[in-house]
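Peer 1: here's my sequence, what's the structure:
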Amino acid sequence: MPLTEHIQKKLELLPDKPGCYIMKDANQEILYVGKAKVLKNRVRSYFHGVHNNKTTKLVARIEDFEFINTTTEKEALLLEINLIKKYRPPFNIMFMDDKMYPYIEVTKGADFQVRITRKAKGRNSDFFGPYPISTYAYDMVKLISQLYPMRRCRTMSKTPCLYYHMHQCPGFCFQKVDEKEALARREKIIRFLKGYTGEVKEELQEKMAEASQNLNFERAQELLGQIRSIDYIQEKQTIDFSIRDNFDVFGWYEDKGYISFQGFFVREGKLLERNMSVAPIYEDVQDAFVSYILQYYQTNKIPSTIYVPEGTDVESLEDALDTKIIIPQRGDRKKLTELACANAKEAHEQKFQLIYRKDRELEGANRKLSTIFHKPIHTIELFDNSHISGTYNVSGLVVFRDGKPDKNAYRKYQLDGYRSDTDSMKEVVRRRYSRLQRENKPMPDLLLVDGGVGQIHAAQSIRDELGIPLTIAGLVKDDKHSTRALLNENLQEIPLDKTDPLFFLLTRMQDEVHRFAITYHQKLRAKGMTKSILDDIAGIGPKRKKQIQSAYPSLKKMRAASLEDFEKIVPAKTAALLYARLHEHDEEKTDTASPAENAETVPVSDAGNTRTAAETPASDPSVAISDPADSLHTEERAERGSEE
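Peer 2: Coordinates of the predicted model:
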């Protein structure tokens, strides 16, 4: 791109020091974060010389940049990781969406627990993992709970629970347990998790033979199942080293603007699992590889040794992670490093075409949108409303950046009372964009409403009221409620070819906003249906609530109680509030005609799908038509989303 005067002046200010640089677009949104040994050389390289297609795509959107000096390269490296984690720039390679792998935690003490955790920190537990495929971790914990009785409950009760009666818990909560025996059991579990499964299998085989001799075939079958479970877990550990050691191995492969990473996790000489990632690359390969490893260890336990291939910046990694980083020269570890790189290459070749095709389709769809609206389209926001008979009225906002969902930017809105879809659209548009305007944040390139003329007019009226630059369009649906065309602000239909990538992108967006709004609506409705009427009354906490429910286990009995009856349980003021709440609809009901006299259809709206109560099966749980006073449950006002 041609150098602007603004960027030229900032380039002249760059120091000959290490640090981080932050690339921004025209809306001051962060595109990319990088680190450099010498800021002046690294940042200038973006604006001079020839780049590959991927880097050219990044540079074309850079309108500004910032830089932060650091005293050492290590500080720059750590700062870069923190900035990536904080801002999640779209052009940075990120480790599996910041995913935290599960570990198996064995707490200390006689009343130990074995459980799944994603934070392998703390001195009061032993940790085993990570398990990139979480199913293996859950299978292991399930098997251990079958093999060894242990504490199962996080909080102690005073009576034995079901686990005790199933012989899966010694009963720490109500009786004294032999500590030596419990600690010996814990040591067996530790050895089992370290891979010493032979002794457990022998013990189970002896018990199985004994059960068979005693004609206890059900018990023998159960023990056989446990033996097979151990064999299944052992099969997953495909490599067994002669040295019982803990280490991780990483490799990479890069081709055609994409990079693949491969990681092996070896614990006690056993290969637990591997992780893999393929992503487009906009930076130096070695920088991307180092960044990937550092991001991984932001959320996972650092082993005593990490093995990496030739050419890796070992010094930077050792400084940042404070552990031993080795480039193996011979032996099994050298072979394993080569295997990691070979696996990265194989995964790259297998997945590249699929990922490349998807990226090309997204780029094509975004280009077509830019052509339609005569402006660059990078950020798209969509609203959708959901309610049922006017209750639990909510709206959801989803955000797509360059065709990909940005789930951190999603917002949920709870609306007060019933209103039409048009009025709901006006409220959420006003709340969303008045806040962006107030906080001086960039507006999206395009607002899509999941409706026709009415919702476009509603969004336009709020845009004009706020005086903001906002391009608005609607999604036109056919008689089968599927997307048929785009509707621009001039109410002109732009037909969509059902084989065009833009059609699939818009359909995916429509499905996503619909899913998001419906999920929030269902969550609020579930909360409302499971909330007791007692929760709304001041002066009734968990203890009093339990006392009232114990005395009056059903709503019918509660409504039949007198004010004096309640005063025997709770203070007079609270009793009066409770009595009034239970009988607040009595007067209304005496004036209400029978259902047969007042039969009418009640609209049930679900993000644009409408049906009548007469068409709705009586067993349909999605229709809530009961009076709040007729149930122990009442509507709950859920927290608003972060957008108001």
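Peer 1: continuing past the longest helix anywhere in the chain, what's the next helix or strand?
Peer 2: When the chain is parsed with DSSP state H, its longest helix is helix 331-373. As assigned by DSSP states H and E, the chain's next helix or strand after helix 331-373 is strand 379-388.
Peer 1: how about the strands in the stretch 1-150 of the chain?
Peer 2: Here the stretch 1-150 of the chain has its strands, by DSSP state E, counting those that start in this stretch, at 19-24, 30-36, 64-69, 103-107, 114-117, 125-128.
Peer 1: okay, those, which one's buried deepest?
Peer 2: Mean neighbour count (mean count of other CB atoms under 10 Å) peaks for strand 30-36 among the strands of the stretch 1-150 of the chain, with a mean of 24. For the C-beta atoms, the positions are set from N, CA and C on the backbone; glycine is no exception.
Peer 1: just want the angle from that strand to strand 64-69.
Peer 2: 30 degrees (axes from the mean of the first three to the mean of the last three CA atoms, to 10 degrees).
Peer 1: show me how far strand 30-36 is from its chain's centre.
Peer 2: Centre-to-centre, strand 30-36 and its host chain are 24 Å apart (CA atoms, centre = their mean, to the nearest Å).
Peer 1: elements contacting it?
Peer 2: Here strand 30-36 touches strand 19-24, helix 39-47, helix 73-87, going by 3 or more CB pairs under 8 Å, 6 or more residues apart in numbering; DSSP states H and E.
Peer 1: deepest-packed of those, please.
Peer 2: Of these, strand 19-24 is the most buried (mean count of other CB under 10 Å), at a mean of 22.
Peer 1: give me the residues contacting it.
Peer 2: With contact meaning CB atoms under 8 Å, 6 or more residues apart in numbering, strand 19-24 is reached by 30-36, 39, 42-43, 46, 58, 62-70, 76, 79-80, 83, 89, 91.
Peer 1: ditto for stretch 143-150
Peer 2: Residues contacting stretch 143-150 (CB under 8 Å, 6+ apart): 112-114, 152, 167-170, 182, 185-186, 188-189, 192-193, 200, 204, 226, 229-230, 233.
Peer 1: may I have it as CSV, with CA atoms only?
Peer 2: Taking C-alpha atoms only, stretch 143-150 is exported to CSV below (Å, rounded to 0.1, in the frame of the first residue of the first chain):
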residue,chain,number,x,y,z
LEU,A,143,-12.7,-46.1,35.5
ILE,A,144,-10.8,-45.1,38.6
SER,A,145,-14.1,-44.4,40.4
GLN,A,146,-15.2,-47.9,39.6
LEU,A,147,-11.9,-49.5,40.7
TYR,A,148,-11.3,-47.6,43.9
PRO,A,149,-13.7,-46.2,46.6
MET,A,150,-13.0,-42.6,47.3
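Peer 1: run the angle between the longest helix of the chain and strand 379-388 for me.
Peer 2: Using the same axes, to 10 degrees: helix 331-373 against strand 379-388 is 80 degrees.
Peer 1: helix 331-373 - contacts with which helices or strands?
Peer 2: So helix 331-373, by 3+ CB pairs under 8 Å, 6+ apart, packs with strand 247-255, strand 258-267, strand 270-280, strand 305-307, helix 501-529.
Peer 1: where does pLDDT dip in the stretch 151-300 of the chain?
Peer 2: Scanning the stretch 151-300 of the chain for pLDDT under 70 picks out 233-244, 272-275.
Peer 1: quick one: the helices and strands packed on helix 331-373 as TSV, columns for distance to Gln460 and mean neighbour count too.
Peer 2: Output for the helices and strands packed on helix 331-373, formatted as TSV (distance: least, CB to CB, whole Å; neighbours: other CB atoms under 10 Å):
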stretch	distance to Gln460	mean neighbour count
strand 247-255	47	22
strand 258-267	42	23
strand 270-280	37	19
strand 305-307	56	21
helix 501-529	19	19
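Peer 1: can I get these in TSV with distance to Asp25?
Peer 2: Formatted as TSV, the helices and strands packed on helix 331-373 follow (distance: least, CB to CB, whole Å):
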stretch	distance to Asp25
strand 247-255	26
strand 258-267	23
strand 270-280	17
strand 305-307	36
helix 501-529	21
